[in-house]
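Q: give me a model of this one.
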Amino acid sequence: MNNHSSHLEPNQVKATIKGLSNRLKKLRQSLEETYQDEDDCLNIIETRANYLNETKDYPKSLVYRLITEHYARKDNLEIAQEIGEKTDCKDLVDLNLFRKSKEIVHCLENKDVALALQWCDIHKSKLKKLGSCLEFQLKLQKFLELVKKEDLTAAINYAKCQFYLFPDHQNLIRKAMMLLAVHKNPFSNYSELLSENRW
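A: Numbers count the residues shown, from 1 in each chain. So this is what the prediction gives:
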């Protein structure tokens, strides 16, 4: 083998190093967020356990907690926070979880899957245990949005980097890839992939 073919150009080396550096930064950030989530969960469990041991009026505190969670689930986080503070049960309800959920939903409503994919990356093992295809559906949607914008080169590159991770979804991936050829006049069985109803 000739030596010349085994050498990389300086620009290729820089690009490779930059790519590795970015991946390491993302991994570090993901790990830090995972550790933070675990710490938050442990703190909530500890707080709840202590509260159960110390409280004399558990039924009343349970009602306050349920009311706080109700408002949080209804997307009234300010009211939930206020009730939690006034009734001393704010540490029993994970309002940060509701805030993160609200932020992700807001991004999805604006057709941005980045934050949801970041969440999937952090909770990958849990999603796998549940047999969830959420991560695949989000990545497919990102690909489809690139096709809609007619940024076909970016769509192809994204597909190459992401779709091989999902061997169980090859039929749908083939169907999506066909859109690269027919995206301007998709047949009826392909047009559903470009429908706004997917959001």
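Q: okay, and for the protein, where does confidence drop off?
A: Residue ranges of the chain with pLDDT under 70: 1-8, 51-58, 186-188.
Q: which residue ranges form the helices in it?
A: 3-6, 10-54, 58-73, 77-86, 95-109, 114-122, 124-130, 134-148, 152-162, 170-182, 188-191 (DSSP state H).
Q: show me what the second one is packed up against.
A: When you say that, I think you mean helix 10-54. Applying 3 or more C-beta pairs under 8 Å, 6 or more residues apart in numbering; DSSP states H and E, one finds that helix 10-54 contacts helix 114-122. To be clear about C-beta, it is placed using only N, CA and C from the backbone, and glycine gets the same treatment.
Q: enumerate every residue touching the nearest residue to Lys90 once chain neighbours are set aside.
A: Nearest residue to Lys90 in three dimensions, chain neighbours excluded: Gly84, at 3.0 Å (C-beta to C-beta, 6 or more residues apart in numbering). Applying C-beta atoms under 8 Å, 6 or more residues apart in numbering to Gly84 gives the contacts 64, 68, 90-93, 95.
Q: can you list phi and psi of Thr87 for me?
A: Thr87 adopts backbone torsions of phi -110, psi 10, taken as degrees, to the nearest 10.
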